[in-house]
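Q: no FASTA, just this:
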Ligand code: SAH
Ligand code: MG
């Protein structure tokens, strides 16, 4: 069976959104999300930013009749702050002078016609995870890139991936020469494989898809 692909309209909404997900990796995320949606459980993303990847998860959730959840404090990662390489001045709240990607995210989803398929969880990932207690069909980790954040995302969310569900990790760079914001996601990916709970399904550049095939986390 060929991998599920988004319609040209959804791809256009994805391409129009600000963010850090290349199209070919987005297609792999979409195919994984459609497949995982078949479990009938919610799909959860850590790292909403302006909703670029959320568009794909939301459309996959719509197709499957499930809900997409997306977690972000909307204050930006370290490398997105003013003065840093990945900073976008348009993401700064002019009144407060701090980053706020929530308004842009909401515009992205509205323009894509996908608002009703998404629940946005606004807060720190470990804090949201600490009050979360139900199984997920897919967990997509694309949040903070420090060791502290990436490990907390794994520890907080990977245990909720249902049996047969998928754990997707972005920005996995095994070669330190290729990294752009550190190798924490790579270390988390190795940790997931070493746990014995996950088996690799696919590799698309820095996007890794793993399936829950065992216990151990
Ligand atoms: N998935 C997005 C990119 C996410 S960028 C896309 O497709 O474009 C990473 C995001 O993670 C940022 O918006 C940042 O605010 C968020 N983030 C970083 N650390 C976080 C934490 N501990 N809790 C919640 N969100 C966090
Ligand atoms: Mg990323």
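A: Sure, I can see it. Here the structure is a predicted model, which means the values were calculated and not measured. Ligands and ions are numbered 1, 2, ... in the order given.
Q: The residue in the chain that ligand 1 sits nearest to: how many residues sit nearby?
A: When scored by C-beta to the nearest ligand atom, the chain has residue 19 as its residue closest to ligand 1, at 2.4 Å. In this view, the C-beta of every residue, glycine as well, is placed from N, C-alpha and C. Close neighbours of residue 19, defined as other C-beta atoms under 10 Å, add up to 23.
Q: May I ask you to confirm that it is in contact with residue 50?
A: Yes - using C-beta atoms under 8 Å, residue 19 is in contact with residue 50, at 5.4 Å.
Q: Find residues that contact each of the two.
A: The contact sets of residue 19 and residue 50 do not overlap (C-beta atoms under 8 Å, 6 or more residues apart in numbering).
Q: thinking again about what came up before, the residue of the chain closest to ligand 1: what secondary structure?
A: Three-state assignment for residue 19 (DSSP: H, G, I helix; E, B strand; the rest coil): coil.
Q: what do you get for residue 210?
A: Classification of residue 210 by three-state DSSP places it in strand.
Q: Next up, the contacts around the closest residue to residue 93 other than its chain neighbours.
A: With sequence-adjacent residues excluded and distances taken as C-beta to C-beta, 6 or more residues apart in numbering, residue 93 is closest to residue 100, at 4.1 Å. Applying C-beta under 8 Å, 6+ apart to residue 100 gives the contacts 74, 75, 91, 92, 93.
Q: Next one: residue 100 from residue 143, what distance?
A: Distance, residue 100 to residue 143, using C-beta to C-beta, to the nearest Å: 17 Å.
Q: likewise residue 120?
A: Distance of residue 120 to residue 143, computed by C-beta to C-beta: 14 Å.
Q: Quick check: neighbours shared by those two?
A: Common neighbours of residue 120 and residue 143 (C-beta under 8 Å, 6+ apart) are residue 72.
Q: Who does the longest strand seen in the chain pair with, and is each partner parallel or antiparallel?
A: For the chain, the strand with the greatest residue count under DSSP state E is strand 161-169. Paired strands of strand 161-169, with direction, are strand 136-141 (parallel), strand 207-212 (antiparallel) (DSSP bridges).
Q: Name the stretch among these that sits most buried.
A: Counting by mean count of other C-beta atoms under 10 Å, strand 136-141 has the highest mean neighbour count of these, with a mean of 28.
Q: Counting neighbours, what do you get for residue 178?
A: Look at residue 178: counted by other C-beta under 10 Å, it has 12 neighbours.
Q: what about stretch 185-205, start to end distance?
A: 13 Å (C-alpha to C-alpha, to the nearest Å).
Q: what's the answer for stretch 13-27, then?
A: So stretch 13-27: terminal residues 13 Å apart, C-alpha to C-alpha.
Q: Stretch 121-133 too?
A: 14 Å.
Q: Now it: buried residues?
A: With burial defined by 16 or more other C-beta atoms under 10 Å, the residues of stretch 121-133 counted as buried are 121, 124, 125, 126, 128, 129, 132.
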